[in-house]
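Peer 1: prediction below, plus the sequence it came from.
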Amino acid sequence: MARGATIAAMSPRPPRWGSSKEVAIRRAVLARDAGLRRISAVTRWLIVGVVGLSGALALIASNAFHGRTISNTSAASSVSSPSSQVAPSAGSSGGLSPANVTPTPTPAAPVVVSGGS
């Protein structure tokens, strides 16, 4: 046992890992790099999740609030000239009848308020 101790003490090579300060620096660098890799992976997954979720919400909204479609047949039948419309007679159903007089614009001076004092 004494012989092995003297060989290690007489060895001219430096320790394999260097001083404890160098080991601490290497460990800190490795821990930082591992943390950056984890944060990058989390960020990628969050971006994928947000894009997928917004696509799903857009799909749900498009199915729930679809716009109106106008086909050629319904547009042609709903648009008619004023001369072809038949006005209901006043005594027929007792409902509202269309007005015979068209409204005319009345000239009035515009009211403008600016400032405030």
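Peer 2: Now that the structure is in, tell me what you want to look at. Residues are numbered from 1 along each chain as shown.
Peer 1: rest of the way, CA atoms for contacts and neighbours
Peer 2: Will do.
Peer 1: what's the single longest helix in this structure?
Peer 2: Secondary structure assigned by DSSP state H gives helix 20-64 as the longest helix of the chain.
Peer 1: for it, name the packing helices and strands.
Peer 2: If you count contacts as 3 or more Cα pairs under 8 Å, 6 or more residues apart in numbering; DSSP states H and E, helix 20-64 packs onto no helix or strand.
Peer 1: so, low pLDDT: which residues of this protein?
Peer 2: Within the chain, the set of residues satisfying pLDDT under 70 comprises 1-18, 66, 71-95, 116-117.
Peer 1: look up phi and psi at residue 69.
Peer 2: Dihedral angles of residue 69 (phi, psi; degrees, to the nearest 10) stand at phi -110, psi 140.
Peer 1: what about it, how many residues nearby?
Peer 2: By the criterion of other Cα atoms under 10 Å, residue 69 has 7 neighbours.
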